[in-house]
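Enquirer: Coordinates only, no sequence provided:
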Ligand code: GLA
């Protein structure tokens, strides 16, 4: 009897289901490091239906499939990511202070939410028309700057510190690299990633924000330690974190970097899709490549555009010394192994002295993987002739992590002057063998096990590229394994590696 009554009530009340009236302009304003960033929602509620648009450092984007259920709401934004449609679902709820908006996030990263406050209750007008995108004509090739004969090595602030990078952190990191052996192991570049930028002065010169009181003095300090300083920008109006980009200030910014004493630029596409037809990407990157060359200062040029548009085929022509081949790495096995094993196949022909494929920065020591997995990370990156940019807190590195990052025999594989990136030469179930030739006739060979339990892995010399006997050294064990005919087998831990150097016997 009771149940029937409840059911009847539900049917009766359903059409009257409450939906918060979200009509109006809602805004979140972030003021940090002397930079102001805004995200606005211009919403119109019609019962349960929600329409309008979002305005952020991604530009103006129409809301689709908007729904309000009681005090919660959801909508979808469809983005064009280099010709592919990507749907992102946002959710939110009404709170005492305004509305909170949850951003969609990759499965293995913590979520991000912001609080927006109501600025007005007026229904929004139509979304402003997007700016016409600029198409640049193909650019002349930029001559090679002569740098990065071996993959660049150093440190970058992003993976561990993100927006917490400061002048003090850079100085402390430089001090630590000298003290703890990282510099001796070959790590030279100390790279400031996103969030250093302030506004432009009246002449349009970019200024650092309050976290970096004197960039020139910082560069002098880093140089005094025998290290080099790197910086970060975007060809778009804004960087990925919403700070000032280099759009329409390319030459001016290159000159500023040179005047400060910068030795390395990571140039991250980010908001450039809002202003450029993305097919112009090679010309956009050539613009900064030429601007850096015009300064006369040797500045390593790192392209960060997530590997789209087959960058490996044109990165060299814009004088990129390295180019990212994938989206961002995260500090977990799934992300690292997918990037390192699956997304680097068929790229080795494009890499070589001066111009490297970049599978993204290291996560070694950040805590999300086991040491076995970090050894796999380091081995794979070394076989791939990848840039080695440590991404952990170098001010306090435990000995086990230092042993992984600063292992000279492993680093020698990465830095081999022949500059030949490894290829996968065998795959059986969850095990893979990768190999690269080294200068002088030896080979580096990685026996990997991506499976959930230990497995025996075999590397056949005929797959590696020679026959007969080879003298084997196990690099992580720092132990000679003698002369071995035809093949080398080893038990390999789950998610682990045995990395060897093998010298064919004449
Ligand atoms: C992008 C890059 C990252 C990092 C962030 C900074 O996501 O791929 O490596 O530079 O931007 O905002």
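Expert: Yes, it's here. These numbers come from a predicted model, not from an experiment.
Enquirer: what's around the nearest residue to residue 276 once chain neighbours are set aside, how many residues?
Expert: What sits nearest to residue 276 in space, not counting adjacent residues and going by Cβ to Cβ, 6 or more residues apart in numbering, is residue 134, at 5.1 Å. C-betas here are computed from N, CA, C, even on glycine. By other Cβ atoms under 10 Å, 13 other residues sit near residue 134.
Enquirer: The one 3 residues further on now?
Expert: Look at residue 137: counted by other Cβ under 10 Å, it has 6 neighbours.
Enquirer: Ok, the one 4 residues further on next?
Expert: Burial of residue 141, expressed as a neighbour count using other Cβ under 10 Å, amounts to 15.
Enquirer: what sits against it?
Expert: The neighbours of residue 141, taking Cβ atoms under 8 Å, 6 or more residues apart in numbering as the test, are 286, 317, 318, 319.
Enquirer: quick one: what helix or strand has the residue nearest to residue 335 when sequence neighbours are not counted in it?
Expert: Spatially, and ignoring its direct neighbours in sequence, residue 335 is nearest to residue 329 (5.6 Å; Cβ to Cβ, 6+ apart). Applying DSSP states H and E as the criterion places residue 329 outside every helix and strand.
Enquirer: Could you measure from residue 329 over to residue 413?
Expert: Going from residue 329 to residue 413 by Cβ to Cβ, to the nearest Å gives 20 Å.
Enquirer: who has more neighbours, the two?
Expert: More crowded of residue 329 and residue 413, by other Cβ under 10 Å: residue 413, with 26 against 20.
Enquirer: For that one, give me the pLDDT.
Expert: pLDDT recorded at residue 413 is 99.
Enquirer: Same check on residue 1?
Expert: Model confidence at residue 1, expressed as pLDDT, equals 47.
Enquirer: Please name the residues that touch residue 21.
Expert: residue 45.
Enquirer: Please produce a ChimeraX select command covering the buried subset of the contacts of residue 141.
Expert: To isolate the buried subset of the contacts of residue 141 in ChimeraX, counting by 16 or more other Cβ atoms under 10 Å, use the following:
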select :286,317,318,319
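Enquirer: which one of the contacts of residue 141 is nearest the ligand?
Expert: The ligand lies nearest to residue 318 out of the contacts of residue 141, by Cβ to the nearest ligand atom, at 17.7 Å.
Enquirer: could you pull out the helices for the chain?
Expert: Taking DSSP state H as the criterion, the chain carries its helices at 2-13, 158-161, 167-179, 182-185, 215-224, 250-260, 272-275, 281-295, 333-337, 371-383, 399-405, 408-414, 461-464.
Enquirer: Most tightly packed of those helices?
Expert: Of those, the one with the most neighbours on average (mean count of other Cβ atoms under 10 Å) is helix 371-383, at a mean of 24.
Enquirer: State the mean pLDDT of it.
Expert: Average pLDDT, helix 371-383: 99.
Enquirer: Same check on stretch 429-448?
Expert: For stretch 429-448, mean pLDDT is 98.
Enquirer: how about that stretch: buried residues?
Expert: By neighbour count on 16+ other Cβ under 10 Å, the buried set for stretch 429-448 is 431-438, 442-448.
Enquirer: Could you tell me the end-to-end distance of that stretch?
Expert: Stretch 429-448 has its terminal residues 11 Å apart, counting by Cα to Cα, to the nearest Å.
Enquirer: With that, I have no additional questions.
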